[in-house]
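S.K.: Here is my input; please provide its structure:
(one chain, ligands or ions: 1)
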Amino acid sequence: MSRPMHDGKLPLTELGAMANRGERIVMVTAYDYPSGRLADAAGMDIVLVGDSAAMTVLGHSTTVPATMEEMLMLTRAVTRGAKRPLVVADMPFGSFQVSDEDALVNAIRFVKDAGADAVKLEGAGPSLSRALALVGAGIPVMGHIGLTPQSATMLGGYRAQGKTAEKARRLLEDAVALEAAGCFALVLEAVPAPVAARISERLTIPTLGIGSGAECDGQVLVLHDVLGIYQGRSPRFAKRYAEIGAEIQDALERFASEVRSGAFPSEEHTYAMPEDELAAFLEEPSDSRAGSRAEA
Ligand code: KIV
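M.R.: Coordinates of the predicted model:
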């Protein structure tokens with residue numbers, strides 16, 4: 001009798017079916033066990049262990065410094081927490097640019113060592129051959145075009161892409177080529193809404209928009225933007241659904257203030273011991289007094 005390997009895991013093929021039914025797909029980034037668990041409990045379809053972790057979690061000013069070892073550690077933590085959603089590991093800069101072989105070795109580590117269900121690759125061009133190689137090896141690949149932060153310098157900064165007819169047409173061509181290379185979904189970042197709509201209409205695989213309008217098949221946001229934790233400048237599309245950063249700071253300030261005033265810890269946060277044991281403990285044994293005098 002055959003049984004699914006992961007009980008309750010959303011099947012990858014269900015994403016296309018959702019898009020066909022007009023059900024929007026929801027993806028959020030997560031970088032650790034608790035956020036993976038919470039994303040699962042909140043009903044996310046996909047959890048992306050994004051290389052945005054380099055900025056949101058590790059304090060770098062771009063995503064470029066993220067390493068394989070860092071991304072593997074974060075992915076392992078997320079897969080321990082997120083059971084139903086598909087967990088997609090973002091391949092960091094340098095892990096797939098050199099060759100198909102490099103891309104394969106690194107993608108296999110994400111799937112085999114860290115438990116990821118799929119990987120994400122930025123760009124088209126050489127990424128097409130990488131996607132073909134990974135899909136050929138049985139590793140599902142999510143594409144990512146438009147604003148690709150790993151090549152932000154080449155793109156002239158963190159700005160919307162595809163704003164001229166020619167550039168929009170190139171994006172459409174890249175999207176079609178990534179689908180042909182076997183990608184199961186495509187992130188469209190900072191693409192004008194009508195361009196994203198045309199790409200979504202043209203492809204058979206689902207598109208996931210971030211700053212690309214409402215006509216994509218789903219949406220993705222960075223967790224720290226959603227929660228209001230990230231302190232740096234956020235893009236205009238990063239809607240904040242909470243101000244958890246301010247709440248964390250407030251809690252820490254109240255903790256510090258109570259320690260300094262002596263209000264914490266109070267009796268309810270303290271362990272007691274039986275009276276007779278305490279009395280025996282406080283009564284110094286006579287030979288230990290003798291020992292300490294002798295040493296003195
Ligand atoms: O690294 C990341 O968080 C991403 C999303 C913005 C799609 O690539």
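S.K.: the helices in this structure, which residues?
M.R.: Here the chain has its helices, by DSSP state H, at 13-21, 33-41, 53-56, 68-81, 100-112, 126-136, 165-180, 193-202, 223-227, 244-261, 275-282, 286-295.
S.K.: what's the distance between the nearest residue to M55 once chain neighbours are set aside and M73?
M.R.: Nearest residue to M55 in three dimensions, chain neighbours excluded: T63, at 6.3 Å (Cβ to Cβ, 6 or more residues apart in numbering). In this view, the C-beta of every residue, glycine as well, is placed from N, C-alpha and C. Distance of T63 to M73, computed by Cβ to Cβ, to the nearest Å: 16 Å.
S.K.: Could you check which of these two has the larger neighbour count?
M.R.: Per other Cβ atoms under 10 Å, whichever of T63 and M73 has more neighbours is T63, with 22 against 16.
S.K.: Low-confidence regions, the stretch 151-296 of the chain specifically.
M.R.: 286-296 (pLDDT under 70).
S.K.: so what's C183 up against?
M.R.: 131, 135, 141-143, 205 (Cβ atoms under 8 Å, 6 or more residues apart in numbering).
S.K.: And stretch 175-189, how far out from the chain middle?
M.R.: 20 Å (Cα atoms, centre = their mean, to the nearest Å).
S.K.: scratch that, stretch 227-235 is what I was asking about
M.R.: 15 Å.
S.K.: Neighbour count added to the contacts of C183, as JSON lines?
M.R.: Converted to JSON lines, the contacts of C183 look like this (neighbours: other Cβ atoms under 10 Å):
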{"residue": "A131", "neighbour count": "28"}
{"residue": "V135", "neighbour count": "15"}
{"residue": "V141", "neighbour count": "26"}
{"residue": "M142", "neighbour count": "27"}
{"residue": "G143", "neighbour count": "28"}
{"residue": "I205", "neighbour count": "19"}
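S.K.: tell me which of the residues you listed is nearest to A124?
M.R.: Closest approach between these and A124, by Cβ to Cβ: G143, at 7.6 Å.
S.K.: thinking again about what came up before, out of the contacts of C183, the closest to the ligand would be?
M.R.: The shortest approach to the ligand among the contacts of C183 belongs to M142, at 9.0 Å (Cβ to the nearest ligand atom).
S.K.: check contacts around the closest residue to that closest one other than its chain neighbours.
M.R.: Nearest residue to M142, sequence neighbours excluded (Cβ to Cβ, 6+ apart): K120, at 4.2 Å. Neighbouring residues of K120 by Cβ under 8 Å, 6+ apart: 48, 50, 88-91, 141-144, 187.
S.K.: Which ones among the residues you listed lie within strands?
M.R.: 48, 88-90, 141-144, 187 (DSSP state E).
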